[in-house]
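Novice: no letters, just coordinates:
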Ligand SMILES: [Zn+2]
Ligand SMILES: [Zn+2]
């Protein structure tokens, strides 16, 4: 059976994620339009700057509400998220009406940027429940198609991030 375009582009997003520079989460993203690949990205520190593998993660802690309770969260802020790098490395003209395939459901900040980037569709694989409701509402308001791939299996050896929330 031939691979569908959804699986084809998500596989490429997972391949891109293997270049990520933070071991806490490996995220990859691709931009495509009319079945053409227009860009790819992963989460990483700015070029020429020490990354998490060289200097360790840059961790911050804060409290966030989860099911009505305040929960302490730790996250790494050294890397630029894959979606943000994708926007830095693609042209507005190419993004108009294009689709973003991303290995992980976008966080609130990335969804906000994507909402203003011209793209028309976001397809993700691994859910990110924390921001799901507000991200979904935002994208619905913007008329951006937002869907998760189910029954999808990443290429062997690419789904190795140690996901820590
Ligand atoms: Zn890190
Ligand atoms: Zn993000």
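Specialist: Looks like it arrived, so ask away. Keep in mind the model is a prediction, meaning the values are calculated, not measured. Ligands and ions are numbered 1, 2, ... in the order given.
Novice: so after the longest helix anywhere in the chain, what's the next helix or strand?
Specialist: Selection of the longest helix in the chain by residue count, based on DSSP state H, yields helix 5-17. With elements assigned by DSSP states H and E, the helix or strand that comes after helix 5-17 is strand 28-33.
Novice: can you name the element that comes right after that following strand?
Specialist: strand 36-42.
Novice: which strands or helices does that following strand pack on?
Specialist: helix 5-17, strand 28-33, helix 82-88, helix 92-95 (3 or more C-beta pairs under 8 Å, 6 or more residues apart in numbering; DSSP states H and E). Every C-beta, even on glycine, is put in place using the N, C-alpha and C of the backbone.
Novice: which of the residues in the second one are buried?
Specialist: The reference is to strand 28-33. 28, 29, 30, 31, 32, 33 (16 or more other C-beta atoms under 10 Å).
Novice: now the last one: closest residue in space, sequence neighbours ignored.
Specialist: This means residue 33. residue 98 (4.0 Å; C-beta to C-beta, 6 or more residues apart in numbering).
Novice: near ligand 2, which residues of this structure show up?
Specialist: Residues of the chain lying close to ligand 2 by C-beta under 5 Å from the ion are 81, 107, 110.
Novice: what about the chain, any weak spots by pLDDT?
Specialist: The model of the chain has pLDDT under 70 over residues 160-165.
Novice: centroid-wise, who is the farthest residue in it?
Specialist: Most distant from the centre of the chain: residue 1, at 27.9 Å, with distances by C-alpha atoms, centre = their mean.
Novice: tell me the contacts of that one?
Specialist: By C-beta atoms under 8 Å, 6 or more residues apart in numbering, the contact set of residue 1 is empty.
Novice: same thing with residue 149?
Specialist: So residue 149 contacts 6, 7, 10, 123, 124, 125 (C-beta under 8 Å, 6+ apart).
Novice: what two of those are the furthest from one another?
Specialist: 7 and 124 (13.6 Å; C-beta to C-beta).
Novice: contacting residues for residue 76?
Specialist: So residue 76 contacts 22, 24, 25, 52, 57, 58, 59 (C-beta under 8 Å, 6+ apart).
Novice: put the buried members of these into a PyMOL selection.
Specialist: Applying 16+ other C-beta under 10 Å to these, the buried members can be selected in PyMOL as follows:
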select buried, resi 22+24+25+52+57
